[in-house]
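S.K.: got a structure for you, letters missing:
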């Protein structure tokens, strides 16, 4: 594969040294791995870098270098325009790794993708994809954990995919192709897209799916697998994991798309759907390696209910030039979630009144409550209008209908007529309905909303008025590109958890969990953080919080994470669970030492470090005489002078942290 490395793109045409150095380092690693990089792009510049040509535009690079793919390494504020430029240049495969790309920018990108058939996007908010067999990396994966083999992996979570890779490597199976779907609301490639590739890949003998709460991707995968198993004499064995079983409702769990929307299945429902399709589901990625060995017949005998070994003919792998069909819609989310800017109802009313929409000052006397919402349809990748009503307090979703909304126009007459019918509007209400819809559309696009939900009533003249309003806006538009800063000023943080607001300032996603939780968690990566909480619960423990330090955690971020966790008086012990990709284990270890020295930590801390620079990190929190030992508890750390409990194995570490929490509870009583 001829890869165009999109080293840097700057809208003001001046290099961003920090991003350039990251891209350069990544390119050097990828070239050493075996990736055939043919050049890079810096807007407006000709030159050479790493002995490869640098061209002023993607179009010029496409014409002169003829790449098969491009990997885009730019900041979130530039990523959408870089993706669009690659689509316009008809690059077959586009991999975008940036996190926090504004939602409305990605809506525009998805609109472009649906109008063509030349390019496929992987990501964004994805570690990319890597062929361990073909020695080709388009992303930032930690290369040392990969080994050529026969297991294909597709994952929403980067850190969970690394755990999965390490597990299959330790089991001696290796990997064929690993695809990062990413955790955003609007991913370019989903599970079904990946499964279609894995089905026909001669190198792939077994398949692993790593999913999360949010959206229908896992359910769509389950439906595809059912059909695949029906039409295939010897289907390839498939395993899966779903993170977020313990996730509280109405919260975004780190990834922008990791929340359960209205009408969507929770994690347990996704597990059931996959199991009904014949998928073997596990609760932790460390179990994938041995589990897949059994399914492939390389371990203990398989049960009759487990899928047989695949023997599929060699066919050419293709990840691009496929137009994605529009799927049947599910109800998108209409409720408030963290990582969106939620403004008070009074501010929502003011926005509507400024556009001439009447506000109802009294309760609706009618027996039915009618709702009108603008949100994002995460199945069809478009904005949408949702109508619904409630009778006698029942869920409005029982009567919900969804209408796609174009990016460049308000509803047409037929859509308006259908919406009026749904909301039981009489003829005298049509003008006020049209005004409300056009006002919501203006706010949605003009202020980059993620969800505008209203409950409507009628006055005596039959005109519609808004009785309730919940408005949420995309925080990435503010944080990544500094758009709509005034919305942040409308936010009322007095109604939010103080520790969560404090953590947000340091780029940490912290969510306080149930009242009886007593184990603090500190994890890098949203998927791994969700799975850590899930697995602790499976083992009988109770986590006090979800905490994602982010994929680029620093020692200071780790120290700040400890500070936030320790403000919770319920916490009796802390579990640090790190699998290093971008995050370096030695940096995490340095943060732990800093936290002990500066915060005076009194509660026991259990540390598990795996991944990039794990040996250096383990050395920093280990007795010198025990550094080489594996799966062994290390007490009273001599080198750092700190009292820590260090492990390599997840289950051993999790059981220890639960034991320490229980001992602390007994001591307190």
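M.R.: Looks like it arrived, so ask away. Source: prediction; values computed, not measured.
S.K.: Quick check, residue 242 in contact with residue 212.
M.R.: Yes: if you go by Cβ atoms under 8 Å, residue 242 and residue 212 touch, sitting 6.7 Å apart. Glycine gets a C-beta too; all of them are placed from N, C-alpha and C.
S.K.: Overlap in contacts, those two.
M.R.: Counting by Cβ atoms under 8 Å, 6 or more residues apart in numbering, the common neighbours of residue 242 and residue 212 are residue 267.
S.K.: can you tell me which residues contact the closest residue to residue 591 other than its chain neighbours?
M.R.: Counting by Cβ to Cβ, 6 or more residues apart in numbering, residue 558 is the residue found nearest to residue 591 once chain neighbours are left out, at 2.6 Å. For residue 558, the contacting residues are 522, 549, 587, 588, 590, 591, 592, 594, 595, by Cβ under 8 Å, 6+ apart.
S.K.: Just the ones in helices from the residues you listed, please.
M.R.: Per DSSP state H, helices hold the following members of the contacts of residue 558: 587, 588, 590, 591, 592, 594, 595.
S.K.: okay if I get those residues as CSV plus neighbour count?
M.R.: Shown next, in CSV, are these (neighbours: other Cβ atoms under 10 Å):
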residue, neighbour count
587, 22
588, 30
590, 21
591, 24
592, 30
594, 15
595, 26
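S.K.: Out of those residues, which is nearest to residue 517?
M.R.: The nearest member of the ones in helices among the contacts of residue 558 to residue 517, counting by Cβ to Cβ, is residue 595 at 20.2 Å.
S.K.: Pull up the gap between the closest one and residue 520, please.
M.R.: Relative to residue 520, residue 595 is positioned 12 Å away (Cβ to Cβ, to the nearest Å).
S.K.: Check residue 186 too.
M.R.: In terms of Cβ to Cβ, residue 186 sits 33 Å off from residue 520.
S.K.: Could you do residue 355 as well?
M.R.: For residue 355, the distance to residue 520 equals 46 Å [Cβ to Cβ].
S.K.: Out of the two, name the residue with the larger neighbour count.
M.R.: Set side by side, residue 355 and residue 520 show more neighbours around residue 520, with 26 against 13, by other Cβ atoms under 10 Å.
S.K.: Assumed the more buried one was part of a strand.
M.R.: Yes: Residue 520 forms part of a strand when assessed by DSSP: H, G, I helix; E, B strand; the rest coil.
S.K.: So in terms of bridging, what pairs with it?
M.R.: Beta-bridge partners recorded for residue 520 (DSSP bridges): residue 574.
S.K.: Helix or strand with the lowest mean pLDDT in the chain?
M.R.: The weakest-scoring helix or strand in the chain, judged by mean pLDDT, DSSP states H and E, is helix 614-620 (a mean of 65).
S.K.: Can you point out the buried residues in stretch 561-578?
M.R.: Of the residues in stretch 561-578, 561-566, 568, 570-578 count as buried by neighbour count, 16 or more other Cβ atoms under 10 Å.
S.K.: what does stretch 94-111 give?
M.R.: Buried, per 16+ other Cβ under 10 Å, within stretch 94-111: 94-110.
S.K.: quick one: the helices in the stretch 451-600 of the chain?
M.R.: Taking DSSP state H, counting those that start in this stretch to define them, one finds helices in the stretch 451-600 of the chain at 475-481, 485-490, 498-505, 526-538, 555-566, 585-599.
S.K.: Which one of those helices lies nearest to residue 390?
M.R.: Closest approach to residue 390 among the helices of the stretch 451-600 of the chain (Cβ to Cβ): helix 485-490, 27.9 Å.
S.K.: Check which helices and strands the closest one sits against.
M.R.: strand 340-342, helix 475-481 (3 or more Cβ pairs under 8 Å, 6 or more residues apart in numbering; DSSP states H and E).
S.K.: any idea how far the first one is from the chain center?
M.R.: In this case it means strand 340-342. Centroid separation for strand 340-342 versus its chain: 18 Å, with Cα atoms, centre = their mean, to the nearest Å.
S.K.: Now do the helices in the stretch 201-350 of the chain.
M.R.: Under DSSP H, counting those that start in this stretch, the stretch 201-350 of the chain gives helices at 217-231, 267-276, 288-295, 345-354.
S.K.: Would you reformat the ones you listed as TSV and include mean pLDDT and distance to residue 3?
M.R.: Shown next, in TSV, are the helices of the stretch 201-350 of the chain (pLDDT from 0 to 100; distance: least, Cβ to Cβ, whole Å):
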stretch	mean pLDDT	distance to residue 3
helix 217-231	98	27
helix 267-276	97	33
helix 288-295	97	28
helix 345-354	96	46
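S.K.: which one of those is the most hemmed in?
M.R.: Neighbour counts (mean count of other Cβ atoms under 10 Å) averaged over each of those peak at helix 288-295, with a mean of 22.
S.K.: and it, what does it pack onto?
M.R.: Helices and strands touching helix 288-295, by 3+ Cβ pairs under 8 Å, 6+ apart, are helix 158-170, strand 206-212, strand 238-243.
S.K.: how about low-confidence regions in the stretch 451-600 of the chain?
M.R.: By pLDDT under 70, the weakly predicted segments of the stretch 451-600 of the chain are 460, 551-553, 581-583.
S.K.: Mind telling me what element the nearest residue in space to residue 50 that is not next to it in sequence is part of?
M.R.: Leaving aside its sequence neighbours, residue 50 sits nearest to residue 27 (Cβ to Cβ, 6+ apart; 6.0 Å). Using DSSP states H and E, residue 27 sits in helix 17-33.
S.K.: Quick check: mean pLDDT of that helix?
M.R.: Throughout helix 17-33, pLDDT has a mean value of 75.
S.K.: which outside residues touch the very next helix or strand once past it?
M.R.: Counting by DSSP H and E, the next helix or strand C-terminal to helix 17-33 is strand 36-41. Residues outside strand 36-41 that contact it (Cβ under 8 Å, 6+ apart): 1-9, 23, 27, 30-31, 49-50, 52-58, 61, 64-67, 136.
S.K.: Strands of the stretch 51-200 of the chain, start to end?
M.R.: Ranges of strands within the stretch 51-200 of the chain are 52-55, 69-72, 93-96, 120-122, 128-131, 136-139, 148-155, 175-180, based on DSSP state E, counting those that start in this stretch.
S.K.: Now distance to residue 222 and mean pLDDT too, for those, in a markdown table please.
M.R.: Compiled in a markdown table, these are given as follows (distance: least, Cβ to Cβ, whole Å; pLDDT from 0 to 100):
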| stretch | distance to residue 222 | mean pLDDT |
| --- | --- | --- |
| strand 52-55 | 43 | 94 |
| strand 69-72 | 29 | 94 |
| strand 93-96 | 26 | 97 |
| strand 120-122 | 22 | 98 |
| strand 128-131 | 22 | 96 |
| strand 136-139 | 26 | 95 |
| strand 148-155 | 14 | 98 |
| strand 175-180 | 18 | 98 |
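S.K.: can you tell me which of those comes nearest to residue 283?
M.R.: Residue 283 lies closest to strand 148-155 among the strands of the stretch 51-200 of the chain, at 15.4 Å (Cβ to Cβ).
S.K.: Just the buried residues of stretch 388-403, please?
M.R.: For stretch 388-403, a neighbour-count test (16+ other Cβ under 10 Å) marks 388, 389, 390, 396, 399, 400, 402, 403 as buried.
S.K.: cool, stretch 653-661 as well?
M.R.: Of the residues in stretch 653-661, those with enough neighbours to count as buried (16+ other Cβ under 10 Å) are 653, 654, 655, 656, 657, 658, 660, 661.
S.K.: Now the first one: closest residue in space that isn't a chain neighbour?
M.R.: If the residues on either side of it in the chain are set aside, residue 653 comes closest to residue 647, at 3.8 Å by Cβ to Cβ, 6+ apart.
S.K.: And that neighbour, how close does it get to residue 107?
M.R.: In terms of Cβ to Cβ, residue 647 sits 44 Å off from residue 107.
S.K.: Likewise for residue 344?
M.R.: The spacing between residue 344 and residue 107, counted by Cβ to Cβ, is 26 Å.
S.K.: Out of the contacts of residue 558, which is nearest to residue 121?
M.R.: residue 549 (27.3 Å).
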